[in-house]
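[1] Next input, structure requested:
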Amino acid sequence: MKKNIPLIRFDWAIKKLLRNKANFDILEGFLSELLQETIKIRQILDSESNKETSNDKHNRVDLLVENTKGELIIIEVQNSKEYDYFHRILFGTSKAITEYIQEGDTYSKIKKVISITIAYFDLGQGKDYIYHGIHQFKGLHHGDILNLAEKQKVLYKKEQVYEIFPEYWLIKVSQFNGAIKDKLDEWIYFLKNGEVQDDFTAKGLDAAKVKLDKMSLTDEEQKEYKYYLKRLRDIASEQHTKMADAEDLLKAKEEGLREGFEQGREKGIEKGREEGIEKGRE
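    Just a heads-up that it's a prediction; the model follows:
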């Protein structure tokens, strides 16, 4: 019988544990399974939303990683709905590109950026739970894909044009139905349920079973983790209240318009009746 092993949430692990070089193997395992290549992390770079304060209203965690190929990988966990989230990830990749090129460098020094979103809300409209976006140039008349010239392949050590441009991965965790089809699904199972099965073999999960075990946290980390979970619940509750208030306001407006229409219609009928009576008297 399969045994489930409860672990701490991945976003809190990113915040507190996975920045430690001793724990890179967990993150490297996740990235390797997702990108289908062996990923080794050179360093963790600064990220913008990992400061934790008592009045922090953010409901996301992000991490900026540089791998041994010199590529920049943005990993962001988003817990609540943002309608302009697609714009946000575009801004994030653009910011990384401009911040990590030195003044005077040629354009060929621009770093490849890979943006990974782990979304715990219904992002966009689609049936799948993993989406991959790349940039290609398609011929208007012949439908062919524009490729690099042979000289460009040698100069930049790239085979395809899309390898130069930002690449996007969107994981819609809530849309995963729990059916395990491959090793990446084992990771998605963990992201959704906060636990793994003891027979999972995906890269990084063996290390996660040990290092992300709730029982392995110190007393101080236990307190911080409980506070983090409470803060997530508080933020979710506040957003739920705002959404409910907005729905009530919209409903009130609709009812007001309907009542106004009915009143206007009744007045129009009455006025028409009076005008008809007047004409009949003439």
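[2] How about Asn4: what's its closest non-neighbour residue?
    Spatially, and ignoring its direct neighbours in sequence, Asn4 is nearest to Glu195 (4.7 Å; C-beta to C-beta, 6 or more residues apart in numbering). (Glycine included, C-beta is placed from N, CA and C.)
[3] Quick check: phi and psi on that neighbour?
    In terms of degrees, to the nearest 10, the main-chain angles of Glu195 are phi -160, psi 160.
[4] so it touches Ile5, yeah?
    Yes: if you go by C-beta atoms under 8 Å, Glu195 and Ile5 touch, sitting 5.8 Å apart.
[5] So for these two, which residue has more residues nearby?
    Ranked by neighbour count (other C-beta atoms under 10 Å), Glu195 and Ile5 place Ile5 first, with 17 against 14.
[6] what's the helix or strand for the more buried one?
    Secondary structure assigned from DSSP states H and E places Ile5 in strand 4-6.
[7] Sheet partners, orientation included, of that strand?
    Paired with strand 4-6 in the same sheet, following DSSP bridges, are strand 195-197 (antiparallel).
[8] Show me the helices in the chain, by range?
    10-16, 24-35, 85-99, 150-156, 183-193, 205-211, 219-281 (DSSP state H).
[9] Quick one: closest of these to His132.
    For the helices of the chain, the distance to His132 is smallest for helix 24-35, at 9.3 Å, taking C-beta to C-beta.
[10] Which pLDDT value belongs to Ala149?
    Ala149 is assigned 97 on the pLDDT scale.
[11] tell me the contacts of it?
    Listed by C-beta atoms under 8 Å, 6 or more residues apart in numbering, Ala149 has no contact partners.
[12] What does it show for phi and psi?
    phi -70, psi 160.
[13] Please report the distance of it from Ile134.
    The spacing between Ala149 and Ile134, counted by C-beta to C-beta, to the nearest Å, is 19 Å.
[14] Ile101 too?
    On the measure of C-beta to C-beta, Ile101 and Ile134 end up 21 Å apart.
[15] And for Lys251?
    Using C-beta to C-beta, Lys251 is found at 42 Å from Ile134.
[16] What of Ser216?
    Distance from Ser216 to Ile134, by C-beta to C-beta: 38 Å.
[17] Likewise for Leu18?
    26 Å.
[18] for Leu27, same thing?
    In this view, Leu27 and Ile134 are 22 Å apart by C-beta to C-beta.
[19] Counting neighbours, go ahead and name the busier of the two.
    Between Leu27 and Ile134, counted using other C-beta under 10 Å, Leu27 has the larger neighbour count: 25 against 12.
[20] I'd like to know how many residues surround the residue nearest to Asp25 when sequence neighbours are not counted.
    Nearest residue to Asp25, sequence neighbours excluded (C-beta to C-beta, 6+ apart): Ala207, at 4.6 Å. By the criterion of other C-beta under 10 Å, Ala207 has 17 neighbours.
[21] wait, doesn't Ala207 sit right on Leu27?
    No: with contact defined as C-beta under 8 Å, Ala207 does not count as touching Leu27 (9.6 Å).
[22] could you list every residue that touches Asp185?
    So Asp185 contacts Phe176, Ala179 (C-beta under 8 Å, 6+ apart).
[23] swap in the one 10 residues further on?
    Counting by C-beta under 8 Å, 6+ apart, Glu195 makes contact with Asn4, Ile5, Pro6, Leu7.
[24] Bridge partners for it, pull those for me.
    Note on Glu195: beta-bridge partners by DSSP bridges are Pro6.
[25] Relative to Lys183, how far out is it?
    Note on Glu195: its distance to Lys183, by C-beta to C-beta, is 16 Å.
[26] before we move on, what about Val161?
    If you go by C-beta to C-beta, the gap between Val161 and Lys183 works out to 29 Å.
[27] With Ser94 instead?
    Where Lys183 is concerned, Ser94 sits at a distance of 32 Å (C-beta to C-beta).
[28] Comparing these two, which residue is more hemmed in?
    Shown here are Ser94 and Lys183; by other C-beta under 10 Å, Lys183 has more neighbours (16 against 12).
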